[in-house]
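>>> need coordinates for the below:
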Amino acid sequence: MQRMESFFNMTVEELSKNLTNSKMALDDVRASRSAFSVSLHDATNDDCFGPFTDDRVIRYQHVFLNLGDGYDARTGTFTAPRSGVYSLAVTVYSDAVIGPGAHLAVNSQVVATLQEKKSQDLDDSATAVVSVKLKAGDKVAVQLPKGSLICDRQSYLNTFTGFLLYPC
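This is a model prediction of the structure:
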């Protein structure tokens, strides 16, 4: 009987320890959540951005989601809250005479370029999706290259989205 009681107590202690460790791991996952999704303007705005004589950071003003508060609409920059692998996506659109373009940059270094040459139709767009390893504090922004133009036309056509795939 004592052996069974000792085994039972040991099993309960192990289960309790496993439960505590699982709760701590779940709390860590919850604390590390990071995701954002933004667009150039909201659906009531019909503005374009550009063209300029120099490269400019695009400041996306309409925030759909900013889980973890990593995106700053004042600067147009996402700051990685923790190290890990992130998925980043950018879509640019223009229906003007000039085709859209953009550079996705991490710490001012271009990691992806989007460029759509103005074609015969009026609607031109480009999309890039990348997975990148970021360190906590890395800055991610989308730059409008000189001479490029993007337009929203009362839709969410120019977007910037990112989320943490897994911490590392």
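
>>> okay, now the unreliable bits of this protein?
Residues of the chain that meet the criterion pLDDT under 70 lie in 7, 10, 27, 29-31, 43-46, 118-120, 154.

>>> let me see the contact set for Asp124.
Tyr93, Ser94, Asp95, Gly99, Pro100, Glu116, Lys117, Lys118 (CB atoms under 8 Å, 6 or more residues apart in numbering). Where you see a C-beta, it was placed from the backbone N, CA and C, and this is true even at glycine.

>>> give me phi/psi at it?
phi -130, psi 140 (degrees, to the nearest 10).

>>> neighbours of the closest residue to it other than its chain neighbours, how many?
Spatial nearest neighbour of Asp124, excluding adjacent residues (CB to CB, 6 or more residues apart in numbering): Glu116 at 4.3 Å. The number of residues packed near Glu116 is 18, by other CB atoms under 10 Å.

>>> Glu14: what secondary structure?
Classification of Glu14 using DSSP: H, G, I helix; E, B strand; the rest coil returns helix.

>>> with the one 5 residues further on instead?
With three-state DSSP as the basis, Leu19 sits in helix.

>>> please enumerate the strands of this protein.
Along the chain, the segments classed as strands by DSSP state E run 35-39, 48-49, 56-57, 62-67, 71-72, 77-79, 84-94, 101-106, 109-115, 124-134, 139-144, 150-151, 159-167.

>>> so of those, which one's packed in deepest?
Among the strands of the chain, strand 150-151 has the highest mean neighbour count (mean count of other CB atoms under 10 Å), at a mean of 26.

>>> hmm, who's touching stretch 156-168?
Counting by CB under 8 Å, 6+ apart, 32-40, 43, 49, 58, 60, 62, 64, 70, 78, 82-93, 100, 125, 131, 133, 140, 142, 150-152 sit against stretch 156-168.

>>> now Ala35, nearest residue through space, not along the chain?
Closest to Ala35 by CB to CB, 6+ apart is Phe163, at 3.7 Å.
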